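Undergrad: next come a sequence and a model predicted from it.
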Amino acid sequence: MDQLEFMEERQRFRPIQICIIVMNQPKDRDPPCHQDDNAHGGKIMKYSGPELPEDIWSHIHSLMLLRDAARAASVSHAFLRSWRCHPNLTFDLLNIGRAGISRGFISRVDHILKKHSGKGLKKLKLDFTNHYNTKTSSYIDSWLQMAITAGIEELSLKMFSRKGVYNFPCSFLSNEMPIGYLHLENCAIRPTVRLGSLRSLTILHLCDVSITGDELQCLLCSCGSLQRLELRKCSEITCLKLPFLLQQLSCLQVSECHQLRTIKNEAPSISSSKLCGKKLKLLLGESLRLKSLEIGRSRDVVCYAHKELPISAPNLQSLTIYSAYEKVKSIMAPSKFLHLKYLKISLCCTYDYLSLACFLDAAPSLETFILSVFIPSERVDRKSIFGDISPFQRMPGYRHGKLQRVKIARFYSEKSLVELACHILENATSLECLTLDTTGGHYRCGLTGSSKCYPMRNHMDVPKAISAIRTYIEGIIPSSVELNVVKPCSRRCGRKFT
């Protein structure tokens, strides 16, 4: 180690001082150790260590970041003892320091883990972004073996690298290990037979993991206590089957699994779910406990949700929908969302927005409705209310008695959008607030600490949108309703529109 590296190492592990501030110390009781005056009127007591029980020092040590815990261990015998059984080990660039090359990173992690006794280890996080290669897999295997032998409860492994893919050994999951949280990222796991009982595992998060649908089902069949499952960017899964034995599974999140085509659910206790995919077929079964659902796919999500969800998920209270294309407009549905209170719909296509009144009518308990519209600029002027001479449409017979808050983000002058706003004002008898955002939710100067506005798209329609609000909406606002019109910034703050 040259002189420069020696000085850097010395600076990184410089001694730290543990101080406890004691306020309002009784005058008739002298503290057991040296006192210094504090600028705030209190006293500073400096402890060398032995005056506190060892379990207290260990607890204090466990609350430090790994880098600070290592520094403390270098200057304190009390902390050195607890360092060898530190419960939370996180190895990443922040904690390991200036490890610019793989060899230095690996050697430092290996040195620390070899000094660790394994006693009391509860959490292990390995972030090998840009440090992993196939030659280091044997090191990782030995570290994981040590952690599992120690009875680890939480394991997080991130292995992003262009130099190879780490194969997580399924043998580590074959015993009745006490692990409750498992997060694998940018690696592969290939269970081919049913593993041992993972009865303590409650949270499983797989991100960019090479695993097929059958292999995942093999893994899930060993996780009878699983409560939360998150899948992201797992491109080999085409069909996700959730077996009935997942009795405690309450939260499911699936996103960016681009080859996924079908989700078949038999788990009876799911209460919250986020399902996003391009061409996703949902077979939810009887999801009677499902209360919160977020769905996103390439087309016809509004139509699917309106027709199918009142039957398969009758107890929904919150529903969020993302759709890139809708071929069929909303129509009267035979069933209703009797418990739905929150509805958010995001559309990236032109649509008969007034037909959404049928959706609102199917939710008699609805309190909050948010509509976000994202339209390419070349389509904005096609159906402007100022160029359409057809009669203004109405949807008679609908009442939205409990609807209190409505927001339309990226409001523009499309005729059916103006008609929807007018319909809500005329039929939502409990409405308290209507927000029409002509900016599309873009940040404005002064709101985020920035002196400039966030770039806007489709800004050419903003004057027409504001004119439509003044012409068709402001005049029918009930006195009990607050109208909020969000406009672009009027200041010359150097913003650029795109």
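TA: Happy to help now that I have it.
Undergrad: who's the nearest residue to residue 411 once chain neighbours are set aside bridged to?
TA: Nearest non-adjacent residue to residue 411, counting by CB to CB, 6 or more residues apart in numbering: residue 436, 4.4 Å away. From N, CA and C alone the C-beta is placed, and that goes for glycine too. Counting by DSSP bridges, residue 436 is bridged to residue 408, residue 485.
Undergrad: run a quick check on residue 436 versus residue 485, I expect a contact.
TA: Yes: judged on CB atoms under 8 Å, residue 436 makes contact with residue 485 at a distance of 5.3 Å.
Undergrad: between the two, which contacts overlap?
TA: residue 469 (CB atoms under 8 Å, 6 or more residues apart in numbering).
Undergrad: higher neighbour count, the two?
TA: Each of residue 436 and residue 485 had its neighbours counted (other CB atoms under 10 Å), and the higher figure belongs to residue 436 (24 against 16).
Undergrad: tell me the contacts of that one?
TA: By CB under 8 Å, 6+ apart, residue 436 lies in contact with 407-408, 411, 421, 465, 469, 473, 483-486.
Undergrad: just the pLDDT at it, thanks.
TA: Looking at residue 436, its pLDDT stands at 96.
Undergrad: check the gap between it and residue 341 for me.
TA: Distance check for residue 436 against residue 341: by CB to CB, to the nearest Å, it reads 22 Å.
Undergrad: one more: residue 228?
TA: Applying CB to CB to residue 228 and residue 341 gives a distance of 24 Å.
Undergrad: residue 407 reaches residue 435, doesn't it?
TA: Yes: counting by CB under 8 Å, residue 407 touches residue 435, with 4.2 Å between them.
Undergrad: so residue 337 sits against residue 310, correct?
TA: Yes: using CB under 8 Å, residue 337 is in contact with residue 310, at 5.4 Å.
Undergrad: strands along the stretch 251-400 of the chain, start to end?
TA: Per DSSP state E, counting those that start in this stretch, the stretch 251-400 of the chain carries strands over the ranges 251-255, 262-265, 272-276, 281-283, 292-297, 318-323, 342-347, 368-373.
Undergrad: distance to residue 104 added to those strands, as a markdown table?
TA: As requested, the strands of the stretch 251-400 of the chain are exported to a markdown table (distance: least, CB to CB, whole Å):
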| stretch | distance to residue 104 |
| --- | --- |
| strand 251-255 | 35 |
| strand 262-265 | 44 |
| strand 272-276 | 39 |
| strand 281-283 | 48 |
| strand 292-297 | 42 |
| strand 318-323 | 44 |
| strand 342-347 | 46 |
| strand 368-373 | 48 |
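Undergrad: the ones you listed: lowest mean pLDDT?
TA: Among the strands of the stretch 251-400 of the chain, strand 281-283 scores lowest, at a mean of 88.
Undergrad: so what touches that strand?
TA: Under CB under 8 Å, 6+ apart, the answer for strand 281-283 is 261-265, 275, 295, 304, 308.
Undergrad: mind listing the strands it pairs with, and their directions?
TA: strand 262-265 (parallel).
Undergrad: tell me how far the partner strand lies from the chain's centre.
TA: 22 Å (CA atoms, centre = their mean, to the nearest Å).
Undergrad: ranges for the strands of the stretch 51-200 of the chain?
TA: Under DSSP E, counting those that start in this stretch, the stretch 51-200 of the chain gives strands at 88-91, 123-127, 154-158, 166-167, 181-185, 187-188.
Undergrad: okay, these in JSON lines with mean pLDDT next?
TA: Below are these laid out as JSON lines (pLDDT from 0 to 100):
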{"stretch": "strand 88-91", "mean pLDDT": "82"}
{"stretch": "strand 123-127", "mean pLDDT": "89"}
{"stretch": "strand 154-158", "mean pLDDT": "93"}
{"stretch": "strand 166-167", "mean pLDDT": "90"}
{"stretch": "strand 181-185", "mean pLDDT": "95"}
{"stretch": "strand 187-188", "mean pLDDT": "93"}
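Undergrad: which stretches of the stretch 201-350 of the chain have low pLDDT?
TA: Where the stretch 201-350 of the chain drops to pLDDT under 70, the residues are 332-334.
Undergrad: repeat the analysis, applying 80 as the threshold.
TA: Within the stretch 201-350 of the chain, the stretches with pLDDT under 80 are 286, 298, 328-335.
Undergrad: now do the helices in it.
TA: Along the stretch 201-350 of the chain, counting by DSSP state H, counting those that start in this stretch, helices occupy 213-220, 301-312.
Undergrad: who wins for proximity to residue 140 among those helices?
TA: When the helices of the stretch 201-350 of the chain are compared by CB to CB, helix 213-220 sits nearest residue 140, at 19.5 Å.
Undergrad: re earlier: more neighbours: residue 407 and residue 435, which one.
TA: Using other CB under 10 Å as the criterion, residue 407 and residue 435 rank with residue 407 on top: 19 against 16.
Undergrad: right, and the helices of the stretch 201-350 of the chain - which one's nearest residue 177?
TA: The nearest among the helices of the stretch 201-350 of the chain, by CB to CB, is helix 213-220 at 13.6 Å.
Undergrad: are any of the contacts of residue 436 buried, and which?
TA: 407-408, 411, 421, 465, 469, 473, 485-486 (16 or more other CB atoms under 10 Å).
Undergrad: out of the contacts of strand 281-283, which is most surrounded?
TA: Of these, with other CB under 10 Å as the count, residue 265 tops at 24 neighbours.
Undergrad: bridging residues for that one?
TA: residue 242.
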